[in-house]
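Trainee: one predicted model, sequence on top.
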Amino acid sequence: SSTDTLGADVSINGLLKSGNLLAKGGLGIGGSSSETNTAGATTKSSVTLYSANGELGYAFAPTWQAVAGLNLNSTNKDNSYSATASIGLEKEISKDAAVAFKYSTNVDDNQPTGTTVKVNVYTLSARFRF
């Protein structure tokens, strides 16, 4: 059995800073197409992906920022909507580098009753500007 998948997406993102407040947002659309060959039979499927996200950050000390965000995702298939919320802290270590810790979890979906799986994600990340 083999599967070939091809996908692409595009998004529009924005950033607004006012004093110690930073707001980010984005809208995206994408697509994915798969072809699976099993024992001589070929199955094709495609899906359209939709996303919206927003995040607010607040610099509460010269090198510290608290963030909170919401991500919404869906497809053109039934029962595919999900919403994820996140909170976190970011510490700037230099003008061109920062480390962050973020917690996110699913807060809503349209799965059939009794099939929701709770997902908790803890992320430790670093960013560098070159």
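Mentor: That came through, no problem.
Trainee: now the one helix or strand residue 31 maps to: buried residues?
Mentor: For residue 31, the element it lies in under DSSP states H and E is strand 21-38. Buried residues in strand 21-38, counting neighbours by 16 or more other CB atoms under 10 Å, are found at 22, 24-25. C-betas here are computed from N, CA, C, even on glycine.
Trainee: then stretch 73-92?
Mentor: For stretch 73-92, a neighbour-count test (16+ other CB under 10 Å) marks 73-75, 82, 84, 86, 88, 90, 92 as buried.
Trainee: for this protein, just list every one of the helices.
Mentor: Taking DSSP state H to define them, one finds no helices in the chain.
Trainee: in contact with the residue nearest the centre of it, which residues?
Mentor: Residue closest to the average C-alpha location in the chain (CA atoms, centre = their mean): residue 71, at 5.9 Å. Contacts for residue 71 (CB atoms under 8 Å, 6 or more residues apart in numbering) come out as 51-53, 83-86, 104.
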